[in-house]
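>>> Could you work out the structure for the sequence below:
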Amino acid sequence: MSISNSLWTAFADRLAEHGERTALITTERRVSFGQVAHEAEQLAGRLAELGVQAGDVLGLALPNRPSLIPACLALCKLDTTVALVSTKYRQQELQAIVRHTGLRGFLCTAEDARRLAELLELSSPITHPLDNNDDIVALMLEATSVALPEP
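Predicted coordinates for the structure are as follows:
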């Protein structure tokens with residue numbers, strides 16, 4: 001069992017014990033373990049539909065807000081490798097990360113997807129909404145769509 005999968009298992013154990021207990025508190029709402037699990041399951045399902053598999057490397061470029069937690073858990077459930085990516089990286093830094101990690105795509109906001117696509121000089125970027133609020137999108141990278149110069 002990998003570390004990420006064991007994190008999902010630990011969360012699932014907590015969920016079984018305290019599904020209705022509050023897991024997250026924001027200024028707008030309280031979110032139960034059950035609600036977090038539901039959101040994570042939906043994200044994981046949508047990512048699987050896009051072809052994300054165990055071992056894939058995905059860049060996580062989400063701001064610090066409640067949707068970050070289900071996104072992390074969804075990636076753990078799928079047993080992916082997570083590369084933390086700042087949307088403030090310069091072009092060379094971002095290209096180096098993609099080149100050296102074999103990044104398959106990014107989880108980010110729609111606005112950040114546009115910036116990342118521009119920095120990576122993607123010929124025709126396609127984003128995939130991952131939740132009902134259009135809060136998180138996947139910007140998937142195809143081998144032919146990213147032309148990365150060697151350093």
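
>>> quick one, helices of this protein?
3-18, 33-49, 68-77, 91-101, 110-119 (DSSP state H).

>>> tell me the most buried of these?
helix 68-77 (a mean of 22; mean count of other CB atoms under 10 Å). For every residue, glycine as well, the C-beta is placed using N, CA and C.

>>> quick check, distance from that helix to the centre of its chain.
Centre-to-centre, helix 68-77 and its host chain are 7 Å apart (CA atoms, centre = their mean, to the nearest Å).

>>> what does stretch 113-123 give?
With CA atoms, centre = their mean, you get 17 Å for stretch 113-123.

>>> outside of the least confident helix or strand in the chain by mean pLDDT, which residues touch it?
In the chain, the helix or strand scored least confidently by mean pLDDT, DSSP states H and E is helix 3-18, which has a mean of 72. Here helix 3-18 makes contact (CB atoms under 8 Å, 6 or more residues apart in numbering) with 1, 33-34, 37, 40, 73, 75-77, 79-82.

>>> Work out the gap between that helix and the centre of the chain.
The answer for helix 3-18 is 18 Å, by CA atoms, centre = their mean.

>>> Helix 68-77 and that one, what's the angle between them?
120 degrees (axes from the mean of the first three to the mean of the last three CA atoms, to 10 degrees).

>>> can I have helix 3-18 written out in CSV, keeping just the CAs?
Output in CSV follows, covering the C-alpha atoms of helix 3-18 (Å, rounded to 0.1, in the frame of the first residue of the first chain):
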residue,chain,number,x,y,z
ILE,A,3,1.6,6.4,1.4
SER,A,4,-1.1,8.3,-0.5
ASN,A,5,-3.5,5.3,-0.5
SER,A,6,-2.9,4.9,3.2
LEU,A,7,-3.8,8.5,3.7
TRP,A,8,-7.2,7.8,2.0
THR,A,9,-7.6,4.7,4.2
ALA,A,10,-6.9,6.8,7.3
PHE,A,11,-9.5,9.4,6.2
ALA,A,12,-12.0,6.6,5.4
ASP,A,13,-11.5,5.2,8.9
ARG,A,14,-12.2,8.6,10.4
LEU,A,15,-15.2,9.0,8.2
ALA,A,16,-16.7,5.7,9.4
GLU,A,17,-16.3,6.8,13.0
HIS,A,18,-17.4,10.5,12.7
